[in-house]
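Visitor: Task: produce atomic coordinates for the following.
(chains A and B)
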Amino acid sequence: MRTLEQTTDEILGLAATHFKVSPDELSPDDDFFKKLGIDSLQALELLTRLENHFQVELPDYEVQGVTDFRTLAERIQARL
Amino acid sequence: MLDLRPYDSLGAALRDALERWPYETCLIEADRERENCRLTYRQFKEAALPLASFLQAAGFQSGGRAAIIMTNQSKWLISAYAIFYAGGVLVPLDYKLTAPEHLQLLAHSQAEVLVTEYHLWRAMTQAEGFKDLKVKAALVTEAPANADLKGARRWEEANGGQEPEFVPRGRKDWACIVYSSGTGGRPKGCVLTHENYLEQCLALTSLYPFWPGVRYLSILPTNHAIDFMVGFIGPFTCGAAVVHLRTLRPEYVREAFPRFKITYVSLVPLIIKNLEKGLRTRFDELPRFKRLVFDRLVGVNRALTRKQPNLNLSRRLLKQVHEAFGGELRAIFTGGAFTDPATLQFFYDLGLQVSNGYGLTEAGTAVTLNDFKPFRADTVGRPLPGMEVKIVNPDADGIGQVAVRSQTVMSHYLDDPDLTAETVVNGWLMTGDLGRIDGLGHLQLFGRVKNMIVTEEGKNVYPEDIETAFEGLPVKEFCVFAANYIWPERSMLGEKLIIVLRLEEGQKFTEALHRELNDRNRRLLNFKRVSGYVIWPDGFPRTASLKIKRNVLAGEIRKRFDRQTAIKEL
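Guide: Have a look, this model is predicted:
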């Protein structure tokens, strides 16, 4: 079972790969909309990638209003 | 379709529709690859009547108000019909609002009944204002088996035990209270009558008819005026079907078109742009020769459909593109926000009609819509049947405020006679949008008179509503504006919010203040965030009751600063 820190790190790594930025540029408290310059649809695409990676299903409402990696990691961790 | 003219209420029209097409499919609900349910009109009725019976047993009476806060799903429409059947006034609220905002609007609307989803209810029960919630009954869908429902009842088990009585309503009676904004400031509850909806439905279906077998993909929230009309009332009064998706991930939305053979869909500009991007990527991946042939076919289609669309021809010429959309798609509706004419042209050249329109909740739904006679990418179309549109105080270029008069214009704003009087003047709805009517009767939009923005996701954002997020900011005073309100631009582009700050005597704009602004901004939903700030050196002009005179302040800022140098990025 992953720890929350591991989950967060993996999310940061996947987000960096997906949006082609260096993982060093991202940190857990970053607002991913702002930091990655993405819109809500791109955020949903990332979510699907995370679902596939972690093998979980996150209903859209679970991530409604979530804008930072840490909270996203907590929501995913709760379903692992 | 039903002839809606003799009907007095949505409830009566829907009731007859359920009898008229008992074996037609009316609802399909899917979640990812799974199909959750598929209902015929008869099954829909059988699901709704126990709910109407429950409402009546709970003391809900004619004219009572019942709120729905749900994502797009079959139970939304079933609940709405049950409310209308019981003679109720529906209060559809945006599920994307926060729990405190839900509680605020529930209080403002004086809803007696609430129908909501478990996760939304749970959030409300944890919010500070929950103890003040005054509803006679709350119904919660999809609650886990052991969940503590805090006094709510399970939607799935709701039944009054008796045959419900259909409660007739008149054309001028209230059908819905729809909030166009106002969660943080002054709630704007548009009171729309049964007549408003029946007339809007007549107008829309005269241009874009539904019939049994038509499938509408419901993506915009159903509380939104457009989806309520074209994702519920329109298809249901014509025997057509509505498809709901429980997830709006782009890949599932794309798959839904071929999977459910979608006929119509309404999309916000952001999703349309995303579709365009996806298609362009696929076209770019074609081998060179195939790409050449494809471009040639697009050129032929463009030439042959210049004067009017020819769907059958386009479907034959560009078979693969149309098949990717299921092969049955007739039109994509969009409106409310700015859609790039180049995007509209891109789809039209492929034989996919994106019907750009203009509307606002206060006017029912749509006021104008592109009728493709011929296609115009640069306008929001002509007024729908029954709509009068005029330009008030036009300037030398014919540009002025758009005003609308029709039987679809709302009755009033709930409990706000002053705002109603400002907005509906001698029967004309003053829209606050700037436009011009060209020689062919098409409406072109050029910006806004009012202090608000519409995002690419189709969200109306009023600056007053988000100021609460900045309350307590360590500055002398502040005010949020739409940048285009201070510096009017003849464009629907570049709409953004800015915060105007007046610092204390001797105060500097420090890194700490910058950080606090950003922290507070982050607590807002991303589409509500301010993107820049302006430091203003003088006191804000205020009324006797100390309210900021926004128009005066905007004028002073405009006089002294230019947009480019005044706005600093946050």
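
Visitor: Please, where are all the strands along chain A?
Guide: Taking DSSP state E as the criterion, chain A carries no strands.

Visitor: hmm, the helix or strand of it at the bottom of the mean pLDDT ranking touching chain B?
Guide: Least confident helix or strand of chain A, by mean pLDDT, DSSP states H and E, is helix A:32-36 with a mean of 86. Yes: when contact is scored as CB under 8 Å from any CB of the partner chain, part of helix A:32-36 falls within range of chain B: A:F33, A:K34. For the C-beta atoms, the positions are set from N, CA and C on the backbone; glycine is no exception.

Visitor: Show me where chain A has its helices.
Guide: In chain A, helices defined by DSSP state H lie at A:4-18, A:32-36, A:40-54, A:69-77, listed in chain order.

Visitor: cool, the stretch 1-150 of chain B as well?
Guide: With DSSP state H, counting those that start in this stretch as the definition, the stretch 1-150 of chain B shows helices at residue ranges B:10-20, B:41-57, B:74-85, B:99-109, B:118-126.

Visitor: now for the longest one, which elements pack on it?
Guide: Packing contacts for helix B:41-57, counted by 3 or more CB pairs under 8 Å, 6 or more residues apart in numbering or on different chains; DSSP states H and E, involve helix B:10-20, strand B:25-31, helix B:74-85, strand B:137-141.

Visitor: Serialize these to JSON lines and add fields for mean pLDDT, distance to B:A403 and mean neighbour count.
Guide: Output for these, formatted as JSON lines (pLDDT from 0 to 100; distance: least, CB to CB, whole Å; neighbours: other CB atoms under 10 Å in any protein chain shown):
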{"stretch": "helix B:10-20", "mean pLDDT": "98", "distance to B:A403": "27", "mean neighbour count": "20"}
{"stretch": "strand B:25-31", "mean pLDDT": "96", "distance to B:A403": "37", "mean neighbour count": "22"}
{"stretch": "helix B:74-85", "mean pLDDT": "98", "distance to B:A403": "31", "mean neighbour count": "27"}
{"stretch": "strand B:137-141", "mean pLDDT": "97", "distance to B:A403": "40", "mean neighbour count": "23"}
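
Visitor: Could you say which one of those comes nearest to B:S531?
Guide: With CB to CB as the criterion, B:S531 lies closest to helix B:74-85 of the helices and strands packed on helix B:41-57, at 33.2 Å.

Visitor: related to what we said a few turns ago, which strands and helices lie in contact with the least confident helix or strand of chain A?
Guide: The contact analysis (3+ CB pairs under 8 Å, 6+ apart) places helix A:32-36 against helix A:40-54.

Visitor: Run through who's touching the helix it packs on.
Guide: A:7, A:10-11, A:14-15, A:18-19, A:32-33, A:36, A:38, A:57-58, A:60, A:63, A:72, A:76, A:79-80, B:248-251, B:270-271, B:274, B:457, B:526-527 (CB atoms under 8 Å, 6 or more residues apart in numbering or on different chains).

Visitor: what are the phi and psi angles of B:V449?
Guide: phi -90, psi -30 (degrees, to the nearest 10).

Visitor: If I look at it, what pLDDT would I see?
Guide: Among the per-residue scores, B:V449 holds a pLDDT of 83.

Visitor: Return the residues in contact with it.
Guide: Under the criterion of CB under 8 Å, 6+ apart, the neighbours of B:V449 are B:Q401, B:G432, B:D433, B:L434.

Visitor: Go again with 6 Å.
Guide: By CB atoms under 6 Å, 6 or more residues apart in numbering or on different chains, the contact list for B:V449 reads B:Q401, B:G432, B:L434.
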